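**Student:** Provided below are the primary sequence and the corresponding predicted coordinates.
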Amino acid sequence: MSPAGETGTSSTPPRANASAHGASTIESTPNSRGATVVSENIGVLGAKVNKVRPWIQRDIEQVKACKADAMLQALLQRASSAPETKQPELLQKCLKAVLPVCNGQASSALVKSSGIQTAFNEYIRPGVENKFYSPFIRATNIALACLEGIKVDGMRNPVPAVDMICQQNDMPMHQTHQTAKSTRKPDVVILPLNSACAPFEAEKGSKKGKQKAKAKDDTMNDEKDDEREKKRNVHMDTNATEKPKNLSWKDVLACVEFKRKTPGRTKGIKPPPPSYGVTDYAPTKPEYLPVDHLKAKDPPGTSQTPAKQHPSDMTSAVPSSGLIAGQPSQSVSSSKRKATDTLESAAKKSKRNPDDTDDDTDAELDVTVQTGLYAAEMFASNLAVNYLLNLIIIDDVMWIWYYDRQGIVQCSGINFIQDLPRFMVLLYALQRFELHDWGQNKDFRPVQVEGKRCHEFKIRDEEYGEVDLLLHTSHDERVTHYGLQGRATNVVPVTSEALAKKYGNFQDGMVAKIFWGEASRTSEPEILDKVKEIAKMHNAVQGHIPQLLWHHTFTNPTSTIREALGVPEPTKGSRVLYILVFPKLKPITELQINELFDVWYQCILCHLTLWKEGVYHRDVSPGNLMWYWKDGKRQGVLNDYDLSSLADDSGPRGNERTGTVPFMALDLLTEEGQRGEVKHLYRHDLESFVWCFAWISLRYENGVLLPRRLRPFDDWATLDAVACGEKKYFFQGHMKPPARLHIDSPLWKFLVGCFLVLKRDADNRYYLRQEPSDSEESNAEESDPDTFLSKFTRSKGWLAFSRFLK
């Protein structure tokens, strides 16, 4: 089981770029664009992590916006004694309560809040970006120490088990994503105190420090308050503004990224006022970080809005103004052009470490994309993360960015020097966050099993009683996700006493599939129920579908926060978390050619029967073609139905991309297909099967992925959908054996024959559309599935290859 790409929304209106073309109806799900195009297929596609970067940028382009006070109110609500009860007065109460801290009238046992103004007077001086870090860290940590004693009716006490602290980083942080490695260097991070102290204690060779590096949640509960405060003060004085070594992404609560509007500027920032009071929000300039300028920065070799292709005349792409971002409640693009240009000039410069040889070191990135990459690392480091917060600071203005699998929301800017009370309220709320309030999923509890990090999940089930799952999240075979929005599928080896008691032990074990599905889409368990019923009547399906052992749907829709923030259409694209457990299957890519053909064709026959019975898979890719042993024979399995649809659905449901770009039919990789104006037909899925077979047979030898220099199609995995279509169209029309062909001549002739069938069929449909007809719709657009498949199975190449394999 391997996930495919995605992003999405809850209903199926045209995307913003569709309306401009006069689309009156949507025939299929429009292709959402973002990191999910390749992020879940790093292993299958062989893509490097840094190749995902442009698609992170596209996720950023779709950011929504909300008012700063709405964000602060939502965070306070989350940190309150009754998070489920609306308390609209919290913000005003907290703004008043923090004034003594703002005005230098508060203190803890070891620090005074007057130190905040002292630090900010240093912060506002002219200088380069990294001169910001130390005074900001000192001001923040002094504020946290003084805010700890502030009591507000309805708010929780600070959380000693977390005890957040602001820590300088600006050091390489590494993480492995399946077979790929990433390197990031966030400027400043928010950490639990123990996690911040651990690298420095370990560096001194303290065994105690190394043990604390594990940062167990309950460690701080055992310490007395005065000891904790002393430890905190020592760290603030000695190490909070130093660069730690080997910080782990799993410990990071939030990242803070800094920019100067003009690098190296000689003019300082406006100094703090003499005193602070409660005032109305004052809009900053710009009020929101602009993202429109990102659209002109598409990755090299991609087309943003290519012209429609037809089979007889491949035309070049016609550039447009770029991808259209979703409209926020307060338009992000409404900022003045001058502000946009100024912020563009603050793009991230390279932070390459001379000793760092990792290919994925960041360079020349916009601050919004840079911070988005940090969010992707944070999502990947823990299991089933609900959401994340990061902060972007340009001079004296701070923007809070909220990330979850539905998308991204940024709040309007807060001038944290002139409007210090709002910054203090932000810290006051965050200081009262439990780990799950930061977005970590409390249902999956980290545990150590034989020295390996695992996650434990237990829940009461009406049928099974207590279901216990031990998720082996450190296992080499775990399939992870790297990106921001979308399904974020993780596939993890799992053991369970309850399920073993019910089903016995499976030879290859079990896996858990954890993903964020669109709330509006027919769920995968529902579709598998339909598939199971079809299998009872058809041998082509029986034994060729995944066996769902157990599943659970969580009741935490991503739309809830958007409703609280006042984001327009909050339920559009809402997602909920699912966990499904299956017997483990084997990947089709590990098979040799005769075995590959056999399993592949079994999956085609299963797919054909399901299609005729009203289940449309619509995401055929190598990762979804699996197999297992049964009675000494390989059984092909058509896997993953979370993007499938049923014939009795009233129309396209969801706005999530249905297909993995390198394997999608050419019709769906056109401008119209990307807008959802091309109906998804059986022939499109069968064409995907052909692309899958070509992909595997030309890139693998005896079940092993060839080195990059010997395998074709690498760029298909990272190109824009329409640009990928152009590449595929050229390949289909100009098929030549690779320079170092490792496959036999009958196999090459088989591939040529399959693509020739596709080419002739496309030509026939094209010319039929040119002929006058009484009806605008041509019956030739959707031929009978059996008839279309027979065009392949009766071709000379197919017949010759079948004889060769025997």
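**Tutor:** Perfect, I can see it now.
**Student:** Pass me the low-pLDDT residue ranges in the stretch 501-650 of the chain, would you?
**Tutor:** By pLDDT under 70, the low-scoring segments of the stretch 501-650 of the chain are 650.
**Student:** At which residues are the strands of it located?
**Tutor:** 510-518, 550-553, 575-583, 586-587, 615-616, 625-630, 633-638, 645-646 (DSSP state E, counting those that start in this stretch).
**Student:** is residue 167 in a bridge, and if so with what?
**Tutor:** residue 189 (DSSP bridges).
**Student:** State the distance from the closest residue to residue 592 other than its chain neighbours to residue 144.
**Tutor:** Among residues not flanking residue 592 along the chain, residue 702 sits closest, at 5.5 Å (Cβ to Cβ, 6 or more residues apart in numbering). Every residue, glycine included, has its C-beta placed from N, CA and C. Going from residue 702 to residue 144 by Cβ to Cβ, to the nearest Å gives 58 Å.
**Student:** Between those two, which is the more surrounded one?
**Tutor:** Taking neighbours as other Cβ atoms under 10 Å, residue 702 and residue 144 compare with residue 144 leading, 26 against 9.
**Student:** so the more buried one is in which element?
**Tutor:** Using DSSP states H and E, residue 144 maps to helix 133-147.
**Student:** And for residue 370?
**Tutor:** helix 367-381.
**Student:** residue boundaries of the helices in the stretch 551-700 of the chain?
**Tutor:** With DSSP state H, counting those that start in this stretch as the criterion, the stretch 551-700 of the chain has helices at 559-565, 593-612, 671-674, 682-699.
**Student:** distance between the third one and the chain's centre?
**Tutor:** Distance, stretch centre to chain centre, for helix 671-674: 23 Å (Cα atoms, centre = their mean, to the nearest Å).
**Student:** How about the contacts made by the closest residue to residue 140 other than its chain neighbours?
**Tutor:** Distances taken as Cβ to Cβ, 6+ apart put residue 166 closest to residue 140, at 4.1 Å, once the chain neighbours are dropped. By Cβ atoms under 8 Å, 6 or more residues apart in numbering, the contact set of residue 166 is 136-137, 140-141, 144, 188-190, 240, 256.
**Student:** Can you pull the phi/psi pair for the residue nearest to residue 592?
**Tutor:** Dihedral angles of residue 702 (phi, psi; degrees, to the nearest 10) stand at phi 50, psi 40.
**Student:** just checking, it touches residue 590?
**Tutor:** No: contact criterion Cβ atoms under 8 Å: residue 702 and residue 590 do not qualify, at 9.1 Å.
**Student:** and for those two, which residues touch both?
**Tutor:** Here residue 702 and residue 590 have no joint contacts, going by Cβ under 8 Å, 6+ apart.
**Student:** Which one of the helices of the stretch 551-700 of the chain lies nearest to residue 723?
**Tutor:** helix 671-674 (11.1 Å; Cβ to Cβ).
**Student:** these two touch, right, residue 394 and residue 260?
**Tutor:** Yes: when contacts are counted by Cβ under 8 Å, residue 394 is listed as touching residue 260 (7.4 Å).
**Student:** Which of the two has more residues huddled nearby?
**Tutor:** residue 394 (22 against 19).
**Student:** now that one, nearest residue through space, not along the chain?
**Tutor:** residue 259 (4.6 Å).
**Student:** Please apply the same query to residue 641.
**Tutor:** Once flanking residues are discounted, residue 641 sits nearest to residue 527: 4.5 Å by Cβ to Cβ, 6+ apart.
**Student:** For burial, what's the neighbour tally of the one you found?
**Tutor:** By other Cβ under 10 Å, the residues close to residue 527 number 21.
**Student:** which residues touch it?
**Tutor:** Contact analysis of residue 527 by Cβ under 8 Å, 6+ apart lists 615, 641, 644, 646.
**Student:** Against residue 729, how distant is residue 762?
**Tutor:** Residue 762 is 9 Å from residue 729, by Cβ to Cβ.
**Student:** State the phi and psi torsions of residue 172.
**Tutor:** phi -60, psi 130.
**Student:** er, residue 566 actually
**Tutor:** phi 80, psi 30.
**Student:** Remind me which helix or strand the closest residue to it other than its chain neighbours belongs to.
**Tutor:** Distances taken as Cβ to Cβ, 6+ apart put residue 70 closest to residue 566, at 5.4 Å, once the chain neighbours are dropped. Secondary structure assignment for residue 70, by DSSP H and E: helix 68-78.
**Student:** What is the helix or strand that that helix is followed by packed up against?
**Tutor:** Sequence order places helix 90-97 as the next helix or strand after helix 68-78, per DSSP H and E. Counting contacts by 3 or more Cβ pairs under 8 Å, 6 or more residues apart in numbering; DSSP states H and E, helix 90-97 is packed against helix 68-78, helix 420-431.
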